[in-house]
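Q: Here is my input; please provide its structure:
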Amino acid sequence: MGVIHKIGRRKTAVARVYVSEGTGVITVNKKAFATYFPTATLQYKVMQPMSMTENATNFDVKVNVYGGGSTGQAEAVRMALARVMCEVNAENRAILKPEGLLTRDPRMVERKKFGQKKARKRFQFSKR
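A: As a prediction, the model looks like this:
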């Protein structure tokens with residue numbers, strides 16, 4: 001099979017995933033998967049495409065991820081893994097597509113405007 005390389009994005013996080021046949025070892029930025037994503041919610045998000053296609057123990061995964069926060073990074077890794085699962089077996093697309101794992105979430109942080117406190121919040125108006 002060789003190594004399959006895919007990219008996933010979410011907000012400002014970018015995840016590069018390299019998948020090869022193996023025993024189910026996941027490494028994220030040269031750290032163990034459980035130490036990089038410590039909470040159960042983040043671990044579930046990352047493992048979602050693998051568990052839905054029943055490939056959790058069939059592949060070794062090496063991930064390079066940067067940018068954004070922990071949730072954005074976990075969802076970027078999830079998207080990249082979903083893309084890999086579709087390339088491994090085309091029938092997996094029918095499982096992952098209805099769950100929205102193959103769709104790039106376009107929502108980004110709105111920029112701050114000048115003359116305002118934040119993107120939408122105004123400075124407080126005081127009448128003296």
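
Q: Ser70 versus the residue nearest the centre of the chain, what's the distance?
A: Centroid-nearest residue in the chain: Ala76, 1.9 Å away (criterion: CA atoms, centre = their mean). Using CB to CB, to the nearest Å, we find Ala76 at a distance of 11 Å from Ser70. C-beta: built from backbone N, CA, C; applies to glycine.

Q: so what's Tyr18 bridging to?
A: His5, Lys62 (DSSP bridges).

Q: Which residue ranges of the chain form strands?
A: Secondary structure of the chain (DSSP state E): strands located at 4-10, 13-21, 26-28, 31-32, 59-66.

Q: and those as a markdown table, adding distance to Met52 and mean neighbour count?
A: Converted to a markdown table, the strands of the chain look like this (distance: least, CB to CB, whole Å; neighbours: other CB atoms under 10 Å):
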| stretch | distance to Met52 | mean neighbour count |
| --- | --- | --- |
| strand 4-10 | 16 | 18 |
| strand 13-21 | 15 | 19 |
| strand 26-28 | 16 | 20 |
| strand 31-32 | 23 | 11 |
| strand 59-66 | 14 | 19 |
